[in-house]
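Visitor: Have a look at this fold, sequence not included:
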C-alpha cells in the first residue's frame, strides 16, 4: 500500500479524505498535546493523547479492573492489542462495556485534540492499539466536538483557556451546608481540584473523561465553590559546595543557622 | 518577585502535560526548591539523591556509560530523576499519561537553566 497521504488543510479534512478512500493507518499529530489517531478502513478506531485519559487509565483508575487482573491478563502472552478482548474472554469485562469505554475514550481524546491547533501531522502505517471494537466515522467526531465546545462556552478559545485553568476550592467549599446538596461526583471533584491540577490532571487522577470533568467543574464554578488559584511566593537555600567554616568564623551561634530537619 | 528556580519548576508543570510535582535537591538529599503538594519534598529529595547515586553505581557496574536519567515506572505514574550538574538533581513526579515527547524536549533546557542559576551559588 504505497498511496500518497491526501492533501488536507486540517485534521478533520484529512480524516474525511481517509474515510472516503477507506484507508488504514495512523496519523501522528504533533502539538501540545499531540497524539496518534488510528484509522482502519476509513473509520477512526482509536486515539491516544496525553491530553485525555485512555482506555487503560479509565479501567484501572476507576477500579473497574484491578491492577492484579490487568497484570495477569498481560502475562498470558496475548498481543497487547488484544488485551481488552482477553479481559472479556476471562469474564472480567463485558464485550459491549469494553466497546462503550473505548468509544468514550475516543470521543474524549478527539475533544482534547480539538482544543488546540496541531503543529503538524504525518500519516504512517497502522500502529498497535488496544482493540475495543469502537469504530466511529470522522464526521461524527467533528459534530460531537462542536457540540461539546459549544456546551462548555460557545467558543473554542474560551474552552481551551478553561482547559488550562487550575481551579482552587473557594472558601464556600468548606461550608458543609453549601456542599451538602452536591452529588458525590461533584464532591469528589472538589477534593481533587487543588489549585495545581488542570481539568486534564483531574481527569487522570480520578480516571474520568476530560469533557465530563470540565462539565462538572463548570457547575462548581457557577455555584461559586471553585475559584482561580492564588500565587504563593518562596525563596530557596544555596547549593554552594559545603566547606567547613574556618576556625575564626565558626563561632558557635546555635540560633543563627538551624540544621535542616526532616519533618515527619 | 518569585525566585527564578521556583519559576522554572512551576513552568515545567505548565509546559508539560502530566507533570504534577517537582523537587530540586542537592546530591546529599537536601531540598533546594520544590513545586509539590501531594508529596513530601524532604523525603523525595532524600530518596531521589539515594536513587541517583545508586543509578550511577548501576551504570558503572553494567558499564553502560554515564547515567542520564533514572525513571521509576509505576502503575499510576512515574518518578523521573535527572542530575543537574554534579551538585544537584531534579525529581519529577508525573501521572501515567505524561506527554513524554514534551518532557524529553523541555528537560535539557530546564536542567541547563537550573545549572546556570545554581552555579552562581558560591557561599
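Guide: Noted; the coordinates are in hand. Note that the coordinates shown come from a computational prediction; the quantities given were computed from them, not determined experimentally.

Visitor: how close does the residue nearest to the spatial centre of chain B get to chain A?
Guide: Centroid-nearest residue in chain B: residue B:90, 1.9 Å away (criterion: Cα atoms, centre = their mean). Separation of residue B:90 from chain A (Cβ to the nearest Cβ, to the nearest Å): 12 Å. For the C-beta atoms, the positions are set from N, CA and C on the backbone; glycine is no exception.

Visitor: What strand or helix carries residue 116?
Guide: All of this is about chain A. In this assignment (DSSP states H and E), residue A:116 forms part of neither any helix nor any strand.

Visitor: nope, chain B
Guide: Residue B:116 belongs to helix B:100-119, assigned by DSSP H and E.

Visitor: The residue nearest to the centre of chain B sits in which helix or strand?
Guide: Following DSSP H and E, the helix or strand that holds residue B:90 is strand B:88-94.

Visitor: List the neighbouring strands of that strand plus their orientation.
Guide: Partner strands for strand B:88-94, per DSSP bridges, with pairing direction: strand B:19-26 (antiparallel), strand B:77-84 (antiparallel).

Visitor: Let me have those in CSV, extended by mean neighbour count.
Guide: Listed next are the strands paired with strand B:88-94 as CSV, based on neighbours: other Cβ atoms under 10 Å in any protein chain shown:
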stretch, mean neighbour count
strand B:19-26, 24
strand B:77-84, 20
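
Visitor: May I see those organised as TSV, with mean pLDDT added?
Guide: Formatted as TSV, the strands paired with strand B:88-94 follow (pLDDT from 0 to 100):
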stretch	mean pLDDT
strand B:19-26	96
strand B:77-84	96
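
Visitor: Rebuild these as a markdown table, extending it with distance to residue A:116.
Guide: Listed next are those as a markdown table, based on distance: least, Cβ to Cβ, whole Å:
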| stretch | distance to residue A:116 |
| --- | --- |
| strand B:19-26 | 17 |
| strand B:77-84 | 23 |
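
Visitor: wait, residue A:263 sits on residue B:40?
Guide: Yes. Using Cβ atoms under 8 Å, residue A:263 is in contact with residue B:40, at 7.4 Å.

Visitor: who's more crowded, those two?
Guide: residue B:40 (16 against 7; other Cβ atoms under 10 Å in any protein chain shown).

Visitor: Skip the chain neighbours and tell me the closest residue to the more buried one.
Guide: residue A:264 (6.9 Å; Cβ to Cβ, 6 or more residues apart in numbering or on different chains).

Visitor: Are we agreed that that neighbour is in a strand?
Guide: No. Assessed with DSSP: H, G, I helix; E, B strand; the rest coil, residue A:264 is coil; it does not lie in a strand.

Visitor: list the contacts for residue 119?
Guide: By default, I'm working from chain A. Residue A:119 is in contact with A:30, A:31, A:34, counting by Cβ atoms under 8 Å, 6 or more residues apart in numbering or on different chains.

Visitor: wrong one, I was asking about chain B
Guide: By Cβ under 8 Å, 6+ apart, the neighbours of residue B:119 are residue B:85.

Visitor: Distance check, it against residue B:87.
Guide: Distance, residue B:119 to residue B:87, using Cβ to Cβ, to the nearest Å: 9 Å.

Visitor: just residue A:62 next, same as before
Guide: Distance, residue A:62 to residue B:87, using Cβ to Cβ: 43 Å.
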